[in-house]
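S.K.: give me coordinates for this.
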Amino acid sequence: MNNTARQRILLSRDIQMDDFNSIETISIEGYVSAGGYKALDKAINELKPEGVIKEVKNSGLRGRGGAGFPTWRKWEFVAGAAGDEKYLCCNAAEGEQGTFKDRCLIRSNPHQLIEGIIIASYAVGAHKSYIYITESYRKEIAVLEKALQEAKEKRYIGEKILGTDFSLDIYIHKCPDKYVAGEETAMMEVIEGRAAKPWQKPPHYPANRGLYGKPTIVNNTGTLSNIPHIVLKGGDWFSKIGSPKSPGNMLFTLTGDINRPGIYELPLGITLKELINNCGNGLKNGGGFKAAFLPGNPPLTESQLDVPLDFDSLKEIGSGLGCAAVIVLGDRTCIVDTTLSFSRFRMEESCGQCPPCQMGTAKMARLLQKIEDGQGEMDDLVNIENTCSSSKGQGYCHLLSGDAFIVEGAVRHFRKEFEAHIHERKCPLQSSAGNSL
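M.R.: You can find the predicted model right below:
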């Protein structure tokens, strides 16, 4: 990691769980006085669309929604697409277990996000943008509605922004409180008035055929919130934060068996050990570390505590960063019960469109429940492994594959604990703590 120093970019402070409801929202006056909307002025009057995309390319910014795809590639593709009708969608529907970073960004600094949306829309030529947000986020929706009205009154959105020919309307679109509704193509189905069901990809991707059949940029809240800082300070500045191939800061949602759960803004490349000890103040009750789940990926074990938390380092060990939700398990927490909780969640959240997903998630949850209930057999572990192997890569979205990665990884790393459940017909830990989710 080429820069371990913590620099505040997205949040003014870390947010502990107990502090969440006391987050104060920065007004437009406070945002402007701190330099807000200067990046928009620079983008429109100095850089122009191609210059904005160049700065984003120089920054190395990768999407903060899960896959870590280079942001500039999407933008360049949509900017170069034929036609004048293009869209931008900000995906603020965070349905993954253990994450609430988008809520913190919106509650604390909505104008940072709005400015990022305006700049991104300008760069690709979109004149209509949507903030797609979970309907249960009532406080965040109210914050956004007020901020959008403030920005409109100041002429940062609407007709002829900053006296130029660029115009943009931004709409809030509420979505069902369902995991699959946050998948980017399911999002477009919802905005167009249909059920939240993902598309099969390929052949169609949003960048070439998205909302209403037009080229569409989809970026998540964290990605777009970085844009004003990159434009104002330059891509080279941003590229020196974090790790070489994963520049910048990330908002890590740290929960589970740790002393200080919360949202921590850290440079990408921080290790799991540093995150747990320096931010989370270690394990609860002085316990030992068992595992850490980044939902949708195999669990990280004690031997991987020093692996840098960035897109490429985690990929090299067969895991992934995802949305940077880190759920920590202490050595007195049952791995079977926890894995069952993840699997049951995905079974319940399946939209039912893909038979492999509907059947595969149900089968994994059923077999894990059998073992947890003390009725498991050794053949059940083989059955679980075979189901995981045949499930990966199936389905229109990542829900089924994510379930398979979680379950397969848990069985691989903690097989002895699964076997003990089967042989002893109960949890060997004799713990009353339950799962950590």
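S.K.: please count neighbours and contacts with C-alpha atoms only from this point.
M.R.: OK.
S.K.: in what helix or strand does the residue nearest to residue 191 when sequence neighbours are not counted lie?
M.R.: Spatially, and ignoring its direct neighbours in sequence, residue 191 is nearest to residue 173 (6.8 Å; CA to CA, 6 or more residues apart in numbering). Take DSSP states H and E as the rule and residue 173 turns out to sit in strand 169-175.
S.K.: and if you look at residue 89?
M.R.: strand 87-92.
S.K.: any idea how far the residue nearest to residue 191 lies from residue 361?
M.R.: 29 Å (CA to CA, to the nearest Å).
S.K.: please say which of these two ends up with more neighbours.
M.R.: residue 361 (28 against 18; other CA atoms under 10 Å).
S.K.: any idea which element that one lies in?
M.R.: Assigned by DSSP H and E, residue 361 falls in helix 355-372.
S.K.: could you pull up the mean pLDDT of the next helix-or-strand element following that helix?
M.R.: Where DSSP H and E defines the elements, the next helix or strand beyond helix 355-372 is helix 378-391. Mean pLDDT, helix 378-391: 97.
S.K.: ok, now how distant is residue 279 from residue 263?
M.R.: For residue 279 relative to residue 263 (CA to CA), the value is 9 Å.
S.K.: with residue 358 instead?
M.R.: In terms of CA to CA, residue 358 sits 33 Å off from residue 263.
S.K.: one more: residue 326?
M.R.: For residue 326 relative to residue 263 (CA to CA), the value is 10 Å.
S.K.: got any residues that touch both of the two?
M.R.: 252-254 (CA atoms under 8 Å, 6 or more residues apart in numbering).
S.K.: take those residues and lay them out in a markdown table including secondary structure, pLDDT and neighbour count.
M.R.: Putting those into a markdown table (DSSP: H, G, I helix; E, B strand; the rest coil; pLDDT from 0 to 100; neighbours: other CA atoms under 10 Å) gives the following:
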| residue | secondary structure | pLDDT | neighbour count |
| --- | --- | --- | --- |
| 252 | strand | 97 | 24 |
| 253 | strand | 96 | 23 |
| 254 | strand | 97 | 28 |
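S.K.: please state the offset of the host helix or strand of residue 56 from the chain centre?
M.R.: Element membership for residue 56 (DSSP H and E) is helix 48-59. Here helix 48-59 shows a centroid-to-chain-centroid distance of 23 Å under the convention CA atoms, centre = their mean, to the nearest Å.
S.K.: buried set for it?
M.R.: Within helix 48-59, the residues scored as buried using 16 or more other CA atoms under 10 Å are 49, 52-59.
S.K.: how about residue 271, what does it touch?
M.R.: 305-309.
S.K.: and it, how far is that from residue 64?
M.R.: 18 Å.
S.K.: likewise for residue 157?
M.R.: From residue 157 to residue 64 the distance is 25 Å (CA to CA).
S.K.: and stretch 68-84, how far apart are its ends?
M.R.: End-to-end distance (CA to CA), stretch 68-84: 28 Å.
S.K.: so how far is that stretch from its chain's centroid?
M.R.: On CA atoms, centre = their mean, the centre of stretch 68-84 falls 20 Å from the chain's centre.
S.K.: residues in contact with that stretch?
M.R.: Against stretch 68-84 from outside (CA under 8 Å, 6+ apart): 53-54, 56-57, 60-63, 86, 120, 123-126, 207-208, 215-217, 223, 311.
S.K.: which of those fall in strands?
M.R.: 216-217 (DSSP state E).
S.K.: picking up where we left off before, compare residue 358 and residue 263 (neighbour count), which wins?
M.R.: Set residue 358 next to residue 263 and count neighbours by other CA under 10 Å: residue 263 wins out with 26 against 19.
S.K.: what helix or strand is that one on?
M.R.: Using DSSP H and E, residue 263 sits in strand 262-267.
S.K.: given that strand, what are its sheet partners and their directions?
M.R.: strand 15-16 (antiparallel), strand 249-256 (antiparallel) (DSSP bridges).
S.K.: please compute how far whichever helix or strand comes after it lies from its chain's middle.
M.R.: Next in sequence after strand 262-267, counting helices and strands by DSSP H and E, comes helix 272-274. The chain centre lies 20 Å from the centre of helix 272-274; the measure is CA atoms, centre = their mean.
S.K.: so which bits of helix 272-274 are buried?
M.R.: For helix 272-274, a neighbour-count test (16+ other CA under 10 Å) marks 272-273 as buried.
S.K.: equivalent analysis for stretch 20-37, please.
M.R.: Quick answer for stretch 20-37 (16+ other CA under 10 Å): 25-28, 31, 36-37.
S.K.: ends of it, what's the gap?
M.R.: Per CA to CA, the first residue of stretch 20-37 is 26 Å away from its last.
S.K.: check stretch 61-80 too.
M.R.: 20 Å.
S.K.: and that stretch, how far out from the chain's middle?
M.R.: Counting by CA atoms, centre = their mean, stretch 61-80 comes out at 14 Å from the chain centroid.
S.K.: what's the average pLDDT for it?
M.R.: 93.
S.K.: that older thread, on contacts alone, who are the packing partners of the strand holding residue 173?
M.R.: Here strand 169-175 touches strand 128-134, helix 138-153, helix 184-191, going by 3 or more CA pairs under 8 Å, 6 or more residues apart in numbering; DSSP states H and E.
S.K.: now do the helix or strand where residue 232 lies against helix 48-59, angle only.
M.R.: According to DSSP H and E, residue 232 maps onto helix 221-233. Computed with axes from the mean of the first three to the mean of the last three CA atoms, to 10 degrees, the direction of helix 221-233 lies at 100 degrees from that of helix 48-59.
S.K.: one step back: show me the contact partners of the helix holding residue 361.
M.R.: 336-337, 339-340, 343-344, 346-347, 350-352, 376-377, 380, 384, 387-388, 391, 394-395, 399-400, 403, 407, 418, 421-422, 425-427.
S.K.: for the residue minimising distance to the centre of the chain, give its distance to residue 293.
M.R.: By CA atoms, centre = their mean, the chain has its centre lying nearest to residue 323, at 2.9 Å. Between residue 323 and residue 293 the distance is 12 Å, computed by CA to CA.
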